[in-house]
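Colleague: need a structure here:
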Amino acid sequence: MDPDGGTSLLDGPQRPEVRDSGAPKVRLGAYEGPLDLLLELARAQRVDLAAISVVALAEAFGTAVERAIAGRQVPLSQMADWLVMAAWLLLLRSRLLLPAGSEADRAAQAEAAALRRRLADRAAVRAMASWLEERPQLGREVYGRGAREAEPQPVPLADITELLRACLRLIALPMRQRVYRPNPPPLWRVPDALARIRDLLAVLPGEGAPLAHFVPHSGERARTLLQRRAALASTLLAALELGRDGALTLQQNDIFGEISISAQTQSQGWTR
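Modeller: Numbering: from 1, shown residues only. Take a look at the predicted model:
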């Protein structure tokens, strides 16, 4: 018996499960009925295959196939299934013709025993699946309980006197001590770049020099990558300011090419 009060999943006689597959009905003397049922009975050893004639089986199958072809109502795939059934029956029947006690007979008996075990295992699995399907399913027949309510956590006790004293100490702090003043990093700025460009313009050759010549490459404000990028940007902005005022000339021959600076004043402070 099942512990839940039902029947065990393996109780009851094991019968071959045969559905109506539209198999042809054959009449073989010892058997009369559908071909698929005869195959199931033969596999379960519930029919005497020795009493069935191989010739009669072949003739009955041929007649059924000819009738199905003439009727034009049976699909080709279904007739292929019939052929597989008939082939299995002929295989099982032919094994009975082997001499008793021979090596081929023993191999056939071992294969038949293995087939019976597989059929029994399949029947047991089907019964188990049916038993599991009939049990109450979570979320369908039965439902889970909700989560337990969280217990309230105790609130830590605080000393009101000490809290007020801490607030008084914060109020008594000077305003200057509570103002956040960021510490800016040491960067090369535009005023520094303007002064450097004016100093170098005095000794600049007539053909000019590239923009990188005016960027500082050493010193405290040119150590990191961020500082070098800031110095380059500040130098370019300073050069544009001086070019707008007519103090120098910026020239760039190609797109994204090198920018050169010269002290020669032209009508246009920026040429490309």
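
Colleague: just the helices in this protein please.
Modeller: Here the chain has its helices, by DSSP state H, at 35-43, 54-71, 76-95, 103-134, 160-172, 190-201, 225-245.

Colleague: of those, which approaches residue 213 most closely?
Modeller: Residue 213 sits nearest to helix 190-201 of all those, at 7.3 Å, using Cβ to Cβ. All C-beta spots, glycine's among them, are computed from the backbone N, C-alpha and C.

Colleague: is it possible to export the helices of the chain to JSON lines including mean neighbour count and distance to residue 209?
Modeller: Below are these laid out as JSON lines (neighbours: other Cβ atoms under 10 Å; distance: least, Cβ to Cβ, whole Å):
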{"stretch": "helix 35-43", "mean neighbour count": "20", "distance to residue 209": "99"}
{"stretch": "helix 54-71", "mean neighbour count": "14", "distance to residue 209": "100"}
{"stretch": "helix 76-95", "mean neighbour count": "14", "distance to residue 209": "88"}
{"stretch": "helix 103-134", "mean neighbour count": "12", "distance to residue 209": "87"}
{"stretch": "helix 160-172", "mean neighbour count": "9", "distance to residue 209": "58"}
{"stretch": "helix 190-201", "mean neighbour count": "16", "distance to residue 209": "8"}
{"stretch": "helix 225-245", "mean neighbour count": "17", "distance to residue 209": "11"}
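
Colleague: looking at the ones you listed, which is closest to residue 216?
Modeller: Closest among the helices of the chain, using Cβ to Cβ: helix 225-245, at 5.7 Å.

Colleague: how about the closest one as CSV, C-alpha atoms only?
Modeller: Provided in CSV are the C-alpha atoms of helix 225-245 (Å, rounded to 0.1, in the frame of the first residue of the first chain):
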residue,chain,number,x,y,z
LEU,A,225,48.9,61.7,-18.3
LEU,A,226,46.1,63.9,-17.0
GLN,A,227,48.5,66.8,-16.5
ARG,A,228,50.1,66.4,-19.9
ARG,A,229,46.7,66.4,-21.6
ALA,A,230,45.6,69.4,-19.6
ALA,A,231,48.8,71.2,-20.6
LEU,A,232,48.2,70.5,-24.3
ALA,A,233,44.6,71.7,-24.1
SER,A,234,45.6,74.9,-22.3
THR,A,235,48.4,75.6,-24.8
LEU,A,236,46.0,75.2,-27.7
LEU,A,237,43.4,77.6,-26.1
ALA,A,238,46.1,80.1,-25.4
ALA,A,239,47.4,79.9,-29.0
LEU,A,240,43.9,80.5,-30.3
GLU,A,241,43.5,83.6,-28.1
LEU,A,242,46.8,85.0,-29.3
GLY,A,243,45.9,84.2,-32.9
ARG,A,244,42.7,86.0,-32.5
ASP,A,245,44.5,89.0,-31.2
